[in-house]
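Colleague: Pasting a predicted model and its sequence here:
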Amino acid sequence: METLAPEVLISEEDIALRIEALGNAITEEFQGQEVTIICVLKGAFMFCSDLMKKINLPVKLDFVALSSYGDGTASSGTVKMEMDLSDSIKDKNVIVVEDIVDTGLTIQTLKQTLEARGPKTIKLASLLFKPSRNKHPVNIDYLGFEIQDKFVIGYGLDYAGRYRELPYIGVLNAGN
Ligand code: IMP
C-alpha cells in the first residue's frame with residue numbers, strides 16, 4: 001500500500017503571523033461595526049477559529065457546508081450546498097472565510113448565492129490561493145498565502161477526509 005508522508009510547506013508559526021495581520025486588517029476596515037463570519041466547512045474551520053481570535057470587533061459566526069471534491073484531488077465541477085446558514089445575512093457585514101481558492105468555482109457559486117440575500121457588504125478571506133489553477137475570477141480581500149499548483153493538506157484541509165488535524169500546511173509525497 002502507498003505510504004504518504006506530509007512535508008511542511010507553510011509552518012505553524014508562519015500561519016499564525018499571517019493570520020494576525022489579516023485580523024488586524026479586518027479590525028481596521030470595520031472599526032465600530034459588527035461583522036458576521038461565515039465559515040465554509042469543513043476545510044476552513046481551523047483558519048476561521050484562529051482568525052476570529054485576532055479580530056477585535058463584535059463578531060457573529062455562522063457556517064455553511066459545501067462540497068465539490070468528493071474523495072479525490074480534482075474538483076467534480078459542481079458545487080453542492082450540504083448545509084445552509086442558520087441566520088439571515090440581510091444588511092450584515094459578511095466575511096466569508098474559505099480554506100483555499102483553487103479553480104474559484106466553489107467561492108464564486110457561494111458568493112452569488114449570498115449576494116442574493118442582501119448583505120450590507122460581502123468580503124472574502126482565504127488562507128490559500130492557487131493562481132495557476134484559477135478559472136473563475138473572484139476577488140480575495142484578505143489572503144493568507146499564494147501557493148503553487150500542489151495538492152495541500154493540513155490546518156483543516158483534507159485528502160479523502162484525512163490530515164485535517166495537522167497544525168501546518170503540508171504536501172503529500174508518495175513513497176517516503
Ligand atoms: P475550487 O472550487 O476549485 O476553488 O475548490 C475549492 C475547494 O476545493 C476548497 O474549498 C477545498 O475544499 C478543495 N481544495 C482545492 N484545492 C485543494 C488542495 O490542494 N487541498 C485540499 N483541498 C483542496
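Modeller: Arrived safely, thanks for sending.
Colleague: Which strand or helix spans residue 95?
Modeller: strand 93-101 (DSSP states H and E).
Colleague: Going along the chain from that strand, find the next helix or strand for me.
Modeller: Using DSSP H and E, the helix or strand that follows strand 93-101 in sequence is helix 105-115.
Colleague: in a strand, that's where residue 50 is, yeah?
Modeller: No: going by DSSP: H, G, I helix; E, B strand; the rest coil, the assignment for residue 50 is helix, not a strand.
Colleague: what's the burial count for it?
Modeller: For residue 50, the count of nearby residues is 18 (other C-beta atoms under 10 Å). Glycine gets a C-beta too; all of them are placed from N, C-alpha and C.
Colleague: what do you get for the one 10 residues further on?
Modeller: Other residues near residue 60 number 14, with proximity taken as other C-beta under 10 Å.
Colleague: what do you get for residue 155?
Modeller: By other C-beta under 10 Å, 26 other residues sit near residue 155.
Colleague: Kindly state the beta-bridge partners for the residue nearest to the spatial centre of the chain.
Modeller: In the chain, the residue lying closest to the centroid (C-alpha atoms, centre = their mean) is residue 98, at 1.6 Å. Legend: beta-bridge partners of residue 98 under DSSP bridges are residue 126.
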